[in-house]
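In: One predicted model, sequence on top.
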Amino acid sequence: CSSDLFDAEYPPYGYMDENGEYTGFDLELAEAVCKLEGWELVKKPINWDAKDMELNSGAIDCIWNGFTMNGREDEYTFSTPYVDNSQVIVVAENSGINTPEDLAGKTVGVQAASAALELLQSDEKDGQKALADTFGALNEFADYNTAFTELQAGALDALAIDIGVANYQIKSRGEGYKILEETLNTEQYAIAFKKGDQELRDVVNADLKKLTEDGTVAKLAEKYEISDMVTLK
């Protein structure tokens, strides 16, 4: 994984810290894999919409940043899943919204090209298009930092978001938010390689196993406060 593609505004998985350095659970885990293999990690933040073009052209070797594998199994070759990640709804604590049904007529925000958006547009068996059709509006944002600012300002009534990102945002912004108990779905994160690239996938899977056994994964999960979501045991 000499070149790793990530979304630079997706904490706690990949983001810029206060020192202007790119960091996060996924990036530190990718660095640990590269160290085992003697590879140089090139952290490449890009517009998330361009990820497939970058991968297929060979400009990057993998997509490693809170990337949902469910429903995409035919499009990529995936690593072992490493995080269990639900899609949830975040609202202001005093909003009076307690269930997804309470979102009828409300304005809901979501990140463009995200798993939450795909879910809300899907009328497949596990899709939530019927729920989204009850919303007053579904607004797309380039990143969740902007969306949370809109929620804080009252311009949005709710956000559809990954639980890990929701927990991080709520912790960093303080009180005033809640996650609805009823999740939109449950999904897993995995590392995506170009379809058919089983050789690189197998190397990374073996390294993930080593890093799980030596305690690196647990240490990073604790650091980024996602221990209850990491599935590598």
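Out: Good, I have the coordinates. Remember, predicted model here, so these are calculated numbers, not experimental data.

In: Which elements pack onto the longest helix seen in the chain?
Out: Assignment by DSSP state H gives helix 198-213 as the longest helix of the chain. When contacts are defined as 3 or more Cβ pairs under 8 Å, 6 or more residues apart in numbering; DSSP states H and E, helix 198-213 packs onto helix 25-37, strand 76-78, strand 192-194, helix 216-223. Placement of C-beta: from N, CA and C, glycine included.

In: relative orientation of it and helix 216-223 in degrees?
Out: 70 degrees (axes from the mean of the first three to the mean of the last three Cα atoms, to 10 degrees).

In: Any chance you could list what contacts helix 198-213?
Out: 1, 29, 32-33, 36-37, 61-62, 77-80, 82, 191, 193, 217-218, 232-233 (Cβ atoms under 8 Å, 6 or more residues apart in numbering).

In: still on that earlier bit, export the helices and strands packed on helix 198-213 to JSON lines and tack on mean neighbour count?
Out: Formatted as JSON lines, the helices and strands packed on helix 198-213 follow (neighbours: other Cβ atoms under 10 Å):
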{"stretch": "helix 25-37", "mean neighbour count": "20"}
{"stretch": "strand 76-78", "mean neighbour count": "21"}
{"stretch": "strand 192-194", "mean neighbour count": "23"}
{"stretch": "helix 216-223", "mean neighbour count": "17"}
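
In: Dump those to JSON lines, plus mean pLDDT and distance to residue 114.
Out: Formatted as JSON lines, those follow (pLDDT from 0 to 100; distance: least, Cβ to Cβ, whole Å):
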{"stretch": "helix 25-37", "mean pLDDT": "95", "distance to residue 114": "16"}
{"stretch": "strand 76-78", "mean pLDDT": "97", "distance to residue 114": "17"}
{"stretch": "strand 192-194", "mean pLDDT": "95", "distance to residue 114": "15"}
{"stretch": "helix 216-223", "mean pLDDT": "97", "distance to residue 114": "22"}
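
In: With distance to residue 7 added, can I get those in TSV?
Out: As requested, those are exported to TSV (distance: least, Cβ to Cβ, whole Å):
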stretch	distance to residue 7
helix 25-37	10
strand 76-78	16
strand 192-194	13
helix 216-223	18
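
In: So the residue most central in space within the chain, which state does it fall into?
Out: Centroid-nearest residue in the chain: residue 66, 3.3 Å away (criterion: Cα atoms, centre = their mean). Assigned by DSSP: H, G, I helix; E, B strand; the rest coil, the conformation of residue 66 is coil.

In: Need the residues that contact the longest strand belonging to the chain.
Out: Ordering each strand of the chain by length in residues (DSSP state E) puts strand 83-92 first. With Cβ under 8 Å, 6+ apart as the test, strand 83-92 has contacts from 66, 68, 97, 100, 103, 108, 115-116, 119, 151, 154, 157-164, 166, 169-170, 176-180, 182-189, 226, 229-231.
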